[in-house]
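Chemist: Quick one, structure for this:
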Amino acid sequence: MDLIAAADAFSTHLTQVRRLSPATVRAYRSDLRDLSDAVGAASLADVDLETLRDWLWRATQRGDARSTLARRAAAARSFFAWAKDEELISIDPSLRLIAPKRGRTLPAVASQDGMQRLLDAHREAATDGDPIRLRDHAILELLYGSGMRVSELCGIDVDDLDLDRAIVRVLGKGAKERVVPYGIPARDAVGAYLTRGRTVLSTRAERAAPAVFLGARGGRLGPRAVYSLVAHALGPIIGADAVGPHALRHSAATHLLDGGADLRAVQEILGHASLGTTQIYTHVSSERLTATYRLAHPRA
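Modeler: All right, here's what the predicted structure looks like:
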């Protein structure tokens, strides 16, 4: 079997059997396409360890980031392990493949005061009743108030919301469902949007979508629109140009821990499979603690 055909079958396996997120499947598929471009028309059985090492070396020469190299090595290992299990190859060439460890950087986080100013400004802007401003305020409040992912936010339907109990049911990575709480400001903003904003937007489509958040034409709002909203609103607060909805998730997690929340509770709220993923936010909090100490203590 040629590499492209095997990669297509592997992508189907990731989607239907392992139930990975569409973004992860696209990333792995892109990595395998890059491998196919590097090796040419070689069949699956022709790829050996040296071929894979040369592929990663070329990516290094291209200037690919360490995180990209690490992901590509992981994609290759997962792909060839699957191919061996499916008896498409007799030997897994990726067993001894090593890539640079992914560099771990602290996430960009907004200050609590900065978030307060941002949300107050959007609440004030939404008082004119404009449906888009009502929607945007609700999105920012809910992303920050719940810490959910942008894909989860775009995927929620009206029936997933419980305004009385201030909780929402979301579908996370690996099709894992969880219930996430959010605060009173988010509840009020979402309630105002549903009553005065969504009702207007839903009339702009021939068939009303069940989604909570709708676009200007009445269809389900996509992640790209949310990225644009957050980048415009949050970029000046954080002081970074490339900032997206994940920065609100980072900020929510950090502020929860700063306020004394239990690490495992934060893990459940965020939907992290591993506690180690959540622990990065303890480093962010300790960085802030150190900075405060340096500024305030006379013997610092």
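Chemist: give the contact list for residue 268.
Modeler: Neighbouring residues of residue 268 by CB atoms under 8 Å, 6 or more residues apart in numbering: residue 178. To be clear about C-beta, it is placed using only N, CA and C from the backbone, and glycine gets the same treatment.
Chemist: got any ranges where the stretch 151-300 of the chain has weak pLDDT?
Modeler: 240-242, 283-293, 296-297, 299-300 (pLDDT under 70).
Chemist: where do the strands sit along it?
Modeler: Ranges of strands within the stretch 151-300 of the chain are 161-162, 167-171, 177-181, based on DSSP state E, counting those that start in this stretch.
Chemist: how big is the angle separating the second one from strand 177-181?
Modeler: Right, strand 167-171. Going by axes from the mean of the first three to the mean of the last three CA atoms, to 10 degrees, strand 167-171 is angled at 150 degrees with respect to strand 177-181.
Chemist: In terms of secondary structure, what does strand 167-171 contact?
Modeler: Identification of packing neighbours for strand 167-171 by 3 or more CB pairs under 8 Å, 6 or more residues apart in numbering; DSSP states H and E yields helix 150-155, strand 177-181.
Chemist: So what touches the shortest one?
Modeler: Applying CB under 8 Å, 6+ apart, the contact partners of strand 177-181 are 146-148, 166-172, 268-269, 271.
Chemist: Strand partners (parallel or antiparallel) of it?
Modeler: Strand pairing for strand 177-181, using DSSP bridges, gives strand 167-171 (antiparallel).
Chemist: nearest spatial neighbour of residue 176, skipping sequence neighbours?
Modeler: residue 271 (6.8 Å; CB to CB, 6 or more residues apart in numbering).
Chemist: Count residues in the vicinity of that neighbour, would you?
Modeler: By the measure other CB atoms under 10 Å, the count of residues near residue 271 is 21.
Chemist: I'd say residue 43 and residue 2 touch.
Modeler: Yes: taking CB atoms under 8 Å as the definition, residue 43 is a contact partner of residue 2 at 5.5 Å.
Chemist: Go through the contacts of strand 177-181 and give me the one with the most neighbours.
Modeler: Ranked by neighbour count (other CB under 10 Å), the contacts of strand 177-181 have residue 148 at the top, with 27 neighbours.
Chemist: Touching, that one and residue 170? I think so.
Modeler: Yes: counting by CB under 8 Å, residue 148 touches residue 170, with 5.5 Å between them.
Chemist: Overlap in contacts, these two.
Modeler: 180, 271.
Chemist: Could you measure from residue 14 over to residue 93?
Modeler: 20 Å (CB to CB, to the nearest Å).
Chemist: Actually, residue 68.
Modeler: Taking CB to CB, one finds residue 68 at 20 Å from residue 93.
Chemist: Tell me how many other residues crowd residue 295.
Modeler: If you count neighbours by other CB under 10 Å, residue 295 ends up with 8.
Chemist: Next up, the contacts around it.
Modeler: Contact analysis of residue 295 by CB under 8 Å, 6+ apart lists nothing.
Chemist: picking that back up, can I get the contacts of strand 177-181 in a markdown table with distance to residue 196?
Modeler: What follows is the contacts of strand 177-181, written out as a markdown table (distance: CB to CB, whole Å):
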| residue | distance to residue 196 |
| --- | --- |
| 146 | 21 |
| 147 | 26 |
| 148 | 23 |
| 166 | 19 |
| 167 | 22 |
| 168 | 20 |
| 169 | 24 |
| 170 | 24 |
| 171 | 27 |
| 172 | 30 |
| 268 | 33 |
| 269 | 29 |
| 271 | 30 |
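Chemist: out of the residues you listed, who's nearest residue 18?
Modeler: Ranked by distance to residue 18 (CB to CB), the contacts of strand 177-181 are led by residue 172 at 14.6 Å.
Chemist: The closest residue to that closest one other than its chain neighbours and residue 236: what is the separation?
Modeler: Leaving aside its chain neighbours, residue 172 sits nearest to residue 271 (4.2 Å; criterion: CB to CB, 6+ apart). Here the criterion is CB to CB. By it, residue 271 lies 29 Å from residue 236.
Chemist: I'd like the strands of the stretch 151-300 of the chain laid out as JSON lines, including distance to residue 57.
Modeler: Below are these laid out as JSON lines (distance: least, CB to CB, whole Å):
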{"stretch": "strand 161-162", "distance to residue 57": "50"}
{"stretch": "strand 167-171", "distance to residue 57": "39"}
{"stretch": "strand 177-181", "distance to residue 57": "41"}
